[in-house]
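Undergrad: I'd like to go over a predicted model; first the sequence, then the structure.
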Amino acid sequence: MNIAVSPPSATAAAIAGSIADFVALRREFHARPELAFAERATTARITELLRRWGYRVEQLTKTGVIATLENGPGPVLGLRADIDALPIDEATGLPFASTVPGVMHACGHDGHTVILLAAAHHLARSRKVRGTLRLIFQPAEEIGAGAKTLIDAGLFDRYPVDAIFGLHNWPGVPAGRFGFVEGPAMAAIDRIEARFVGRGGHGAEPHLAVDPVVAASHAITALQSVVSRNVNPLDMAVVTVGSIHGGQASNVIPDQVDLTLSLRSYAAETRALLTRKVPALFQSVAAGFGAQARVTVIEGFPSVVNTARETRLVRDVAIAALGADAVIADFAPRTASEDFAHYLHHRPGSFFFVGNGDGAPLHSPEYRFNDDIIAPAATLWAALAERFLNGIPA
């Protein structure tokens, strides 16, 4: 599996000793996935375990879980795991595959949850940490709504933290190796819904109609110029047309055509440019064909921008706890998006990556979380808590 090998720290050895139980727990979660804001059985199981281990556990929103372990005055550390699944039919054939039709943990959130629980179990048993440890089990990351919902419900007012950290597994990256990025690490995302409105008619008499299919097609072609001729070549931007729907018959010109798009970027200035230029282009192209473009911009969430101090800290902890070979030098930012970005607009912190090894990509029906990465990732969480809260070497 290409797991990085180094002399185990005391923390790593302790977590490895109970890892079989957490692999079984991960597979339990995998077999019973729940969609965004419906993670009731998942949160009940998380709550049961954490209370058994001595955490104070409270519910924030219907399916958000905040667990606290306190040991006197000191720093306050926040660690977050996402818990929701995707509306996908699983095609792995695994013996513990999803038992819920049309729902699957195809992004590894079951793994993220268990990684944090394994670390939580160790930290509760070792009682090494001073100060306050807060564990945030977040719903609804897959729809980009969970983090903001928790924040709006008073997360940082009721459960303050000095810094917050999160992780995500990444297929195609060597298993058990970690990637850290200072500054922009994942892209901002926004969505556009556009309706091109013309005047329908018979396919044999196009001169009597205003064809929205032609207008939308030219707009999609012209769309390529937004990035190539408006965005600074040194900046990243991705504009994707994800769906196009219009008409039902080959000999009928429809009245309208609908498009949906996603816009991704790192820089706030580029994000603003995309949400301004795409609607303007659609409207001008549509007008040129005598049609109309009705465009709605649906704001998503900003780029994940890691603070330098916290990113260097967790990278140093990874090296100390797992060895220099566990860290990938010059790990590149990802162009996917994550609502962890909302937390970083309120508190310093870092969102990093752990390799899942070779296999199907995230959000694939054939995606498989690699259970071999639970131990090293949980070791990093525990070592980070020990370092952040009381300076004990990893």
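TA: Here it is on my side, so go on.

Undergrad: which helix is the longest one in the chain?
TA: With DSSP state H applied, the helix covering the greatest number of residues in the chain is identified as helix 268-288.

Undergrad: show me what it packs onto, helices and strands only.
TA: Contacts of helix 268-288 with other secondary structure elements, assessed using 3 or more C-beta pairs under 8 Å, 6 or more residues apart in numbering; DSSP states H and E, are made with strand 188-197, helix 212-230, strand 237-245, strand 256-265, strand 292-301. In short, each C-beta sits where N, CA and C put it, glycine included.

Undergrad: residue nearest the middle of this structure, spatially speaking?
TA: The centroid of the chain falls nearest to E338 when counting by C-alpha atoms, centre = their mean (3.5 Å).

Undergrad: once you drop chain neighbours, what's closest to that one?
TA: M186 (4.9 Å; C-beta to C-beta, 6 or more residues apart in numbering).

Undergrad: one step back: for the residue nearest to the centre of the chain, give me the pLDDT.
TA: Looking at E338, its pLDDT is 97.

Undergrad: figure out the helix or strand that it lives in.
TA: E338 is part of no helix or strand, with elements assigned from DSSP states H and E.

Undergrad: got the contact list for it?
TA: With C-beta atoms under 8 Å, 6 or more residues apart in numbering as the criterion, the residues that contact E338 are 141, 166, 168, 186, 304, 351.

Undergrad: quick one on the thing from earlier: residues touching the residue nearest to E338, list them.
TA: Neighbouring residues of M186 by C-beta under 8 Å, 6+ apart: 303-304, 333-338, 340-341, 351.

Undergrad: again with T113
TA: Contacts of T113 were listed using C-beta under 8 Å, 6+ apart, and they are 26, 29, 42, 46, 81-83, 137.

Undergrad: now it: how far from E28?
TA: T113 sits at a distance of 11 Å from E28 (criterion: C-beta to C-beta, to the nearest Å).

Undergrad: which residue ranges form the strands in the stretch 51-200 of the chain?
TA: Assigned strands in the stretch 51-200 of the chain, in chain order: 56-60, 64-71, 76-82, 131-138, 163-171, 178-179, 183-186, 188-197 (criterion: DSSP state E, counting those that start in this stretch).

Undergrad: direction included, what does the last one pair up with?
TA: Strand 188-197 pairs in its sheet with strand 256-265 (antiparallel), strand 292-301 (antiparallel), by DSSP bridges.

Undergrad: ok, now the fifth one?
TA: Sheet partners assigned to strand 163-171 using DSSP bridges are listed as strand 76-82 (parallel), strand 349-357 (parallel).

Undergrad: L362 contacts C107, correct?
TA: Yes: counting by C-beta atoms under 8 Å, C107 is a contact partner of L362 at 5.0 Å.
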